[in-house]
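K.L.:
Here is a sequence with its predicted model. Questions after.
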Amino acid sequence: MPPPLRDDWSAGYGYLAGLELVVQPDCTAVLAANDQLKPGLLRAFHERGLTVPADIGVVGFDDMSPSAAALGRKPVPPTDRRPRARRQGMEIEPVTPTTPRPVRRPALVQGWHELTFLHWPVEPDRVAGLLPAGTRPDTLDGVTYVGLVPFLMRGVGLGPGPGLPYLGTFCETNVRLYSVDERGRRGVVFLSLDASRLLPVLVGRLGVRLPYVWSAMRLRRTNGVLTYTCRRGATGRGPTSRAVVRPGAPIARPSPLELFLTARWGMHVPWHGRTAHIPNEHAPWPLHRAELLGLDDDLVTAAGLPRMTDPPISVLYTPGVSVRFGRPDSVGTAGLRVGERSGIEKRRAP
């Protein structure tokens, strides 16, 4: 067993310690004296081609998420996490592996397949201005996240389906943030959605007010490794993205962070001068560990976000789920469908 390494408690020293430990053949696990050391250790191991926990284990103290540690946050006592939402004047719905709002009459069906989640932590104040009115960044341990999600869309169709086999099948990559509205509903806010088929792009932009862009895209699977490529714009001179991922073992019990990032049962979108929440439902995600073998991306910065210089703090893969979307609800008025008016407004109308 290697001797203990002692210095300060920062992520910077964790990185230096990781570089020292990675060359020691008898080092199979690291016990960090606090959670702020862990992001530095993870970065060092990632740069040297080691996968955590398959190649080396990392354990820390303080009950702090890796994301909060990466941003230099202080630990949040567990008993303070849920009451915080109540002190802010509303009850935020819990994070659950299945939807708390089942979709009874679907307006749209889709299949999300061969999907990879890449996530980075970010301070809420840095992204709050990018969210639609009536929403704010959703956080875990005071941290919110930027997501880059490439996948294969299959079987898009109206109503209960069935989906279209050709026009409804295409590659997509989205850049996303996480939101919560005035009624406590968690959701996703899409900053950009690149798709390889023109008709769904037009329908998404005109019908659902989503920022779809037509792009040249491809998904290849070779020897168990997925390669997602994207080049935006008809001229091919726009932002590009390339991610190479090796899916790993299934996750029997997702962590609180993994659930927070993936169990999203709606999206918040600007809709005719107001903000709408569009619910969705699907079976629990069949999540897998994944290793990021390469990433060269311009889509995140093209969406107005700062460049993510560190490796993603979470890399997950899923073979996919079938999804049902419900009808939009207004964020500001409980129970009022977007496009409807209250009884008072109707009586005042000429």
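P.N.:
Arrived safely, thanks for sending.

K.L.:
bridging residues for the nearest residue to G147 once chain neighbours are set aside?
P.N.:
Taking CB to CB, 6 or more residues apart in numbering, and ignoring the residues beside it in sequence, G147 has R176 as its nearest neighbour in space, at 4.3 Å. For every residue, glycine as well, the C-beta is placed using N, CA and C. R176 has the following beta-bridge partners by DSSP bridges: G147, F190.

K.L.:
Check the gap between R176 and P137 for me.
P.N.:
Using CB to CB, to the nearest Å, one gets 12 Å for the distance from R176 to P137.

K.L.:
Also P3?
P.N.:
When CB to CB is the yardstick, P3 and P137 sit 43 Å from each other.

K.L.:
One more: H272?
P.N.:
Relative to P137, H272 is positioned 24 Å away (criterion: CB to CB).

K.L.:
Over to V213?
P.N.:
Applying CB to CB, one obtains 24 Å for the distance of V213 from P137.

K.L.:
Quick one: the helices in the protein, in order.
P.N.:
Using DSSP state H, the helices of the chain run over 11-21, 38-47, 66-70, 81-87, 124-127, 198-207, 256-262, 299-302, 343-348.

K.L.:
which ones are touching the residue nearest the centre of the chain?
P.N.:
The C-alpha lying nearest the average C-alpha coordinate of the chain belongs to G147 (CA atoms, centre = their mean; 3.9 Å). With CB atoms under 8 Å, 6 or more residues apart in numbering as the criterion, the residues that contact G147 are 117-119, 174-178, 261.

K.L.:
Please report how far the residue nearest to P94 when sequence neighbours are not counted lies from L299.
P.N.:
Of all residues not flanking P94 in the chain, P100 sits nearest, at 7.6 Å (CB to CB, 6+ apart). When distance is defined by CB to CB, P100 is 31 Å away from L299.

K.L.:
between the two, which one's more packed in?
P.N.:
Here P100 and L299 are compared on neighbour count by other CB atoms under 10 Å; more neighbours surround L299, at 24 against 14.

K.L.:
thought the more buried one was touching S241?
P.N.:
Yes: taking CB atoms under 8 Å as the definition, L299 is a contact partner of S241 at 4.8 Å.

K.L.:
Pretty sure T318 sits against L287.
P.N.:
Yes: counting by CB under 8 Å, T318 touches L287, with 5.5 Å between them.

K.L.:
list residues touching both of the two?
P.N.:
Common neighbours of T318 and L287 are listed as T262 (criterion: CB under 8 Å, 6+ apart).

K.L.:
Just list the residues touching L152, thanks.
P.N.:
L152 sits in contact with 112-115, 169-172, 219, 320, where contact means CB under 8 Å, 6+ apart.

K.L.:
most surrounded residue in those?
P.N.:
Neighbours here are counted as other CB under 10 Å. On that basis the top member of the contacts of L152 is E172, with 26 neighbours.

K.L.:
Share the number of residues neighbouring E93, please.
P.N.:
Applying other CB under 10 Å, we find 17 residues neighbouring E93.

K.L.:
Let me see the contact set for it.
P.N.:
With contacts defined as CB under 8 Å, 6+ apart, the neighbours of E93 are 100, 184-186.

K.L.:
of the residues you listed, buried ones?
P.N.:
Buried residues within the contacts of E93, counting neighbours by 16 or more other CB atoms under 10 Å: 185-186.

K.L.:
Relative to Q24, which of the contacts of E93 is nearest.
P.N.:
Distances from Q24 to the contacts of E93, taken as CB to CB, are shortest for R186 (42.9 Å).

K.L.:
I'd assumed D138 was in contact with that closest one.
P.N.:
Yes: using CB under 8 Å as the test, R186 is close enough to D138 to be in contact (5.4 Å).

K.L.:
Give the intersection of the neighbour lists for the two.
P.N.:
Between them, R186 and D138 have 92, 178-180 as joint contacts when contacts are counted by CB under 8 Å, 6+ apart.

K.L.:
who wins for neighbours among those residues?
P.N.:
For the shared contacts of R186 and D138, neighbours were counted by other CB under 10 Å; the highest total belongs to S179, with 28 neighbours.

K.L.:
Can you give me the pLDDT of the closest residue to that residue other than its chain neighbours?
P.N.:
By the measure of CB to CB, 6+ apart, the closest residue to S179 outside its immediate chain neighbours is T135, 4.2 Å from it. According to the prediction, T135 has pLDDT 96.

K.L.:
List the contacts of T135.
P.N.:
T135 makes contact with 179-182, 187, 189, 268, 275, 331 under the criterion CB under 8 Å, 6+ apart.

K.L.:
again, only using 7 Å
P.N.:
Residues counted as contacts of T135 (CB atoms under 7 Å, 6 or more residues apart in numbering) are 179-181, 189, 268, 275, 331.

K.L.:
Okay, and the beta partners of it?
P.N.:
The residues paired with T135 through beta bridges, assigned by DSSP bridges, are D181.

K.L.:
gap between it and G111?
P.N.:
Where G111 is concerned, T135 sits at a distance of 27 Å (CB to CB).

K.L.:
for C171, same thing?
P.N.:
Taking CB to CB as the criterion, C171 is separated from G111 by 13 Å.
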